[in-house]
Structure formats: structure tokens, C-alpha cells
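# coordinates for the following, if possible.
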Amino acid sequence: MLMTRERRPGFRTLRGWAIAVLNDAGAIRECEEHGWMQDRADPHARERAFEIAGRNPPHGISSEAAALAIIEVLEGIADTCPECTSRD
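Residues are numbered from 1 along each chain as shown. Predicted coordinates for the structure are as follows:
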């Protein structure tokens, strides 16, 4: 008898989901050398991320909580890599 498991989402936390949404929308990027997340300061990409959060929040999470998670991630990301700027 074939047993199947329920498929888990590609993220484990609300923060992880928010990072994935921001990355998919193009609002953040990763430093190629060090891997730090960087804010691209693109207002259109941010708007797309908030639209995604409002339309498709994670299961069991309200769209308001999803938008708040997006805001919290954006507040914790700078527009430069801390390791790249420390070398200059």
C-alpha cells in the first residue's frame, strides 16, 4: 500500500515566507559574494510584494499579518551588504 505524506510548504516560518515573496517580487536581492539580503529600493517591487501578501497569505495567516511580516523583513534589511562596505 502506497503511503503519501502531506506536502510541506517551501518555507517554515512567516519570516521565511515574507523573504520568499520579497525575493520573487524583486524587492530584495542577495549579495553575490556574501549572501546578505539587500533592499533594492524599488517601490513597484514592494507594491507587488504587498499585493501578493494580500491575495495569497500563508494558510492560517490573515492578509494583515502577512503584510506586517513583509514590513518587518523590509525594516531589517539595508540597501548595502555589511561585509562589502566594511572592506572599503
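# relative to residue 39, how far out is residue 24?
From residue 24 across to residue 39, the span is 15 Å (CB to CB, to the nearest Å). Quick note: C-beta positions are derived from backbone N, CA and C, even for glycine.
# which SS class is the spatially most central residue of the chain?
Residue closest to the mean C-alpha point of the chain, counted by CA atoms, centre = their mean, is residue 19 at 1.4 Å. Three-state assignment for residue 19 (DSSP: H, G, I helix; E, B strand; the rest coil): helix.
# surely it is in contact with residue 74?
No - using CB atoms under 8 Å, residue 19 makes no contact with residue 74, being 10.1 Å away.
# quick check: closest non-adjacent residue to the residue nearest to the centre of the chain.
Excluding the flanking residues, the one nearest residue 19 by CB to CB, 6 or more residues apart in numbering is residue 73, at 5.8 Å.
# in a helix, residue 74, correct?
Yes - Residue 74 sits within a helix when classified using three-state DSSP.
# what about it, how many residues nearby?
Residue 74: 16 surrounding residues under other CB atoms under 10 Å.
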